[in-house]
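1. Provided below for reference: sequence and predicted model.
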Amino acid sequence: MKSQIAYLLKALALLALGWSGTAFAQEAAAAPDEVAAQETATRLEAIPPLLPTESFAGRSAFRGFHMSPDGSQLAITRTINGEGQVIIIDTATLEVNRKFVLGKGDRLDWLRWAGNDRLL
């Protein structure tokens, strides 16, 4: 659509300047190709870089999310470099309240809230 408008504006400008005959035909014929090339270059610049496959194929570090009964805290279990972790986040401020680090190679099989302030 933009290329058609640009072509028409250029054609009108050439007519207003008194161009006629073969010069006008040559100029008008070249205009859509030039505009299309510019639009293609603009689109290519706007394409974001490709993400590596590893971003989608790897396992997530997060193993589980457990909301406290009143919804004020979120316990997250994750594994980073083979080390198990439990992180408790305040849902109102999104700040980490506590972080428990398990030993290297240790993992947590389950986690459960016992009230709003205690984890089992």
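-> Received it, and whenever you're ready, just let me know what you need.

2. now do the contacts for Thr79.
-> 61, 63, 85, 107 (CB atoms under 8 Å, 6 or more residues apart in numbering). Every C-beta, even on glycine, is put in place using the N, C-alpha and C of the backbone.

3. also Ile80?
-> Ala61.

4. and it, its phi and psi?
-> Dihedral pair for Ile80: phi -120, psi 120, per degrees, to the nearest 10.

5. what do you get for Met67?
-> Torsion angles, degrees, to the nearest 10, at Met67: phi -90, psi 140.

6. what about the closest residue to it other than its chain neighbours, which helix or strand?
-> Leaving aside its sequence neighbours, Met67 sits nearest to Leu74 (CB to CB, 6 or more residues apart in numbering; 5.6 Å). Assigned by DSSP states H and E, Leu74 belongs to strand 73-80.

7. rewinding a little: buried subset of the contacts of Thr79, written for PyMOL?
-> With 16 or more other CB atoms under 10 Å as the criterion, this PyMOL line picks the buried residues out of the contacts of Thr79:
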select buried, resi 63+85
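
8. where along this protein do the helices fall?
-> All helices of the chain, identified by DSSP state H, fall at 2-16, 21-46, 54-57.

9. hang on, the earlier thing: rebuild the contacts of Thr79 as JSON lines, extending it with distance to Asp117 and pLDDT.
-> Shown next, in JSON lines, are these (distance: CB to CB, whole Å; pLDDT from 0 to 100):
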{"residue": "Ala61", "distance to Asp117": "26", "pLDDT": "77"}
{"residue": "Arg63", "distance to Asp117": "22", "pLDDT": "82"}
{"residue": "Gln85", "distance to Asp117": "19", "pLDDT": "89"}
{"residue": "Arg107", "distance to Asp117": "24", "pLDDT": "75"}
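
10. OK, contacts around the closest residue in space to Val101 that isn't next to it in sequence?
-> Once flanking residues are discounted, Val101 sits nearest to Gln85: 5.5 Å by CB to CB, 6+ apart. Going by CB under 8 Å, 6+ apart, Gln85 touches 77-79, 99-102.
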